[in-house]
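Novice: Structure of the sequence below:
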Amino acid sequence: MSDQTTDRRERSQSVAESEPLLSVRGLERHYPVTAGWLRREQGAIRAVDGIDLDVYAGEAVGLIGESGCGKSTAAACLLALEEPTAGEVTFDGQRVTGREDLTAFRRRTAMVFQDPTESLDPRMTVGESAAEPLDVAGVPPEPRRERVAELFERVGLSPESTERYPHELSGGQKQRVGLARALALDPEFVVLDEPVSALDASVQAEILALLDDLQSALDLSVVLISHDVSVVRSVCDRVAVMYAGEIVERGPTTAVLDDPQHPYTDALAGAVPTPDPRAGPPTATLSGDVPDPADPPAGCRFHPRCPEVIPPEDTTVSSDTYAALLAFRTALENDAVDPAGLRDLAAARVTAGSAGGPTDSTGGGDAETAGSSVDTEADGGSVSESVLRETLRAEYDLPERGAVTDESVAEALQSAVELALEGASDEAHDRLDAFTSVCERESPTAHEVGDERTAACHLHQQ
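Specialist: Purely as a prediction, here's the structure:
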């Protein structure tokens, strides 16, 4: 175990019984969706939808998730850069949300932005940019210059760099300027929004080491926002995993990332590449995208992509089979199944001799397709109905009928495949909509899954 890992574990244990410096309860940030020239509200983009978070003095907490899950919006609300729709943020026991005078709060908090180039004024020297917080706070010019020179030295820049303009610096140097500016007023709490995502890998390592050193030396409380699991692992004491505006798992960083208790966390942790050539492929993978925050899925928001979705109680199908069925049903709902495109793909496979099954026009496939045949002209050849069905099933990882253990599900899936190939997506969707899981019906609540760990997943309610 590295010294940094040991230090983080000791810090995490030391704050366990103290009061949090920053506390968030029920935080929501919704953006209204309007239509018509009267701009009537038709709905809302639910960017952040009811999160709780505690950050203790001297602690680094990671907020991790894919792009579009609400991390940066949550960060803006933590620092009162945006007014929450609902919920409460308190800092050192004082309510932040709704306060008119935030001067004292601003002096004790800071933010480092994702893009170091965009966060610096190209018309100002980097020394002037770093000195802006001091100027606003009324610090006289000479002490201001001395403080900036001291900050530059602390973050690994020469004092002479203060006279240079942003375009004269590398990305890593500009991010160091951003750190210097954030530390100008000696804050207690800093939000780092994707601080290394725009940097090269070698520069990332240098900045992460600097962040860890600064956090320990200055006893800073930090929220680090990232989509990169390895970044959070190297810096943070605890981690909260965010998906579609909600926190789905939280706990000590090493425990959460080494032994995930939520399928989404498992997929994120497994996506980190390993240099070991003997390591196999990731055990959990993700397909699809983060859902539209204006129309999130009912129940567990992760269920359309979840590889461990719980099958309906009245069926005997496996999680893998039901996950594939759900993905196919979602494609039907979004009208994403293209029969013409599937026919072209099937014809190309026949022509290349790689359909992986019967390629003649006389059938000969599985039981559901035996004896049925549809000629499709493509590249001068024909494609049997069995090959079309195989092609669709392969595209959506759907099992063959004989591999589905539940007859009612097998029959509904066969019917849906046939209807989809006929272009009747709505009817095909209705065939599969008869089967619903608890993951689709109910939103999971957070359950304790270990020491200071929680996960919001129906798998822990069974």
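
Novice: Can you point out the buried residues in stretch 173-190?
Specialist: 173-185, 187-190 (16 or more other C-beta atoms under 10 Å). Quick note: C-beta positions are derived from backbone N, CA and C, even for glycine.

Novice: How about stretch 441-457?
Specialist: Across stretch 441-457, burial judged by 16+ other C-beta under 10 Å covers Pro444, Ala446, Val449, Arg453, Thr454, Ala455, Ala456, Cys457.

Novice: Please enumerate the helices of the stretch 1-150 of the chain.
Specialist: For the stretch 1-150 of the chain, the helices defined by DSSP state H, counting those that start in this stretch occupy 3-15, 71-78, 103-108, 126-136, 141-154.

Novice: ok, and for the fourth one, which residues are buried?
Specialist: Meaning helix 126-136. By neighbour count with 16+ other C-beta under 10 Å, helix 126-136 contains the buried residues Val126, Gly127, Glu128, Ser129, Ala130, Ala131, Pro133, Leu134.

Novice: Out of the residues you listed, which comes closest to Pro311?
Specialist: Using C-beta to C-beta, Pro133 comes nearest to Pro311 of those, at 55.2 Å.

Novice: if I look at Arg389, how far off is Leu421?
Specialist: 7 Å (C-beta to C-beta, to the nearest Å).

Novice: More neighbours: which of the two?
Specialist: Counted by other C-beta atoms under 10 Å, Arg389 and Leu421 do not tie: Arg389 has more neighbours, with 26 against 20.

Novice: got the phi/psi numbers for that one?
Specialist: Arg389 has phi and psi values of phi -70, psi -40 when expressed as degrees, to the nearest 10.

Novice: So it is in contact with Val417, correct?
Specialist: Yes - the criterion here is C-beta atoms under 8 Å, and Arg389 meets it with Val417 at 5.7 Å.

Novice: and Leu224, helix, strand or coil?
Specialist: strand (DSSP: H, G, I helix; E, B strand; the rest coil).

Novice: Just the buried residues of stretch 173-190: which are in strands?
Specialist: Among these, DSSP state E puts Phe189, Val190 in strands.

Novice: Would you mind measuring the gap between the ends of stretch 59-75?
Specialist: 16 Å (C-alpha to C-alpha, to the nearest Å).

Novice: Which residue ranges make up each domain of the protein?
Specialist: Annotated domains of the chain cover 3-270, 311-436 [automatic domain parsing].

Novice: just the angle between the lengthiest helix in the chain and helix 141-154, please?
Specialist: In the chain, with assignment by DSSP state H, the single longest helix is helix 201-218. Helix 201-218 runs at 120 degrees relative to helix 141-154, counting by axes from the mean of the first three to the mean of the last three C-alpha atoms, to 10 degrees.

Novice: Going by neighbour count, list what's buried in helix 201-218.
Specialist: Under 16+ other C-beta under 10 Å, the buried positions of helix 201-218 are Val203, Gln204, Glu206, Ile207, Leu208, Leu210, Leu211, Asp212, Leu214, Gln215.

Novice: Among these, which one lies nearest to Gly68?
Specialist: Relative to Gly68, the closest of the buried residues of helix 201-218 is Gln204; by C-beta to C-beta it sits at 21.9 Å.

Novice: The closest one touches Val196, doesn't it?
Specialist: Yes - taking C-beta under 8 Å as the definition, Gln204 is a contact partner of Val196 at 4.2 Å.

Novice: and for these two, which residues touch both?
Specialist: Common neighbours of Gln204 and Val196 (criterion: C-beta atoms under 8 Å, 6 or more residues apart in numbering): Val231.

Novice: Which strand runs longest in the protein?
Specialist: Per DSSP E, the chain has its longest strand at strand 40-55.

Novice: which other residues reach that one?
Specialist: By C-beta under 8 Å, 6+ apart, the surrounding residues in contact with strand 40-55 are 20-35, 61, 63, 70, 73-74, 77-78, 84, 86-87, 189, 221-223, 240, 242, 244-247, 293-296.

Novice: make it 7 Å
Specialist: 20-35, 61, 70, 73-74, 77, 221, 223, 240, 245-247, 293-294, 296 (C-beta atoms under 7 Å, 6 or more residues apart in numbering).

Novice: same question, stretch 68-76
Specialist: Residues contacting stretch 68-76 (C-beta under 7 Å, 6+ apart): 27, 29, 47-48, 51, 63, 65, 82, 191, 193, 223, 225, 242-245, 290.

Novice: Report the buried members of these.
Specialist: For the contacts of stretch 68-76, buried by 16+ other C-beta under 10 Å: 27, 29, 47-48, 51, 63, 65, 82, 191, 193, 223, 225, 242-245, 290.

Novice: Let me know how buried the nearest residue to Asp295 once chain neighbours are set aside is, in neighbour terms.
Specialist: The shortest distance from Asp295 to any non-neighbouring residue, by C-beta to C-beta, 6 or more residues apart in numbering, is to Gly43 (7.7 Å). For Gly43, the neighbour count with other C-beta under 10 Å is 13.

Novice: From Ala35, how far off is Gly43?
Specialist: Taking C-beta to C-beta, one finds Gly43 at 9 Å from Ala35.

Novice: The closest residue to Val203 other than its chain neighbours: neighbour count?
Specialist: Ranked by C-beta to C-beta, 6+ apart and with sequence neighbours excluded, the top spatial neighbour of Val203 is Gly172, at 3.8 Å. Neighbourhood size, Gly172 [other C-beta under 10 Å]: 19.

Novice: quick one, what contacts Gly172?
Specialist: Leu199, Val203, Glu206, Ile207.

Novice: Using a markdown table, lay out these together with distance to Pro273.
Specialist: Output for these, formatted as a markdown table (distance: C-beta to C-beta, whole Å):
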| residue | distance to Pro273 |
| --- | --- |
| Leu199 | 18 |
| Val203 | 19 |
| Glu206 | 20 |
| Ile207 | 20 |
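
Novice: what's the closest of these to Asp430?
Specialist: Nearest to Asp430 among the contacts of Gly172 is Leu199, at 49.6 Å by C-beta to C-beta.

Novice: how close does the closest residue to the closest one other than its chain neighbours sit to Ala74?
Specialist: Distances taken as C-beta to C-beta, 6+ apart place Gly171 nearest to Leu199, at 5.1 Å, with adjacent residues excluded. Look at Gly171 and Ala74: by C-beta to C-beta, they are 25 Å apart.

Novice: who's more crowded, those two?
Specialist: Ala74 (28 against 17).
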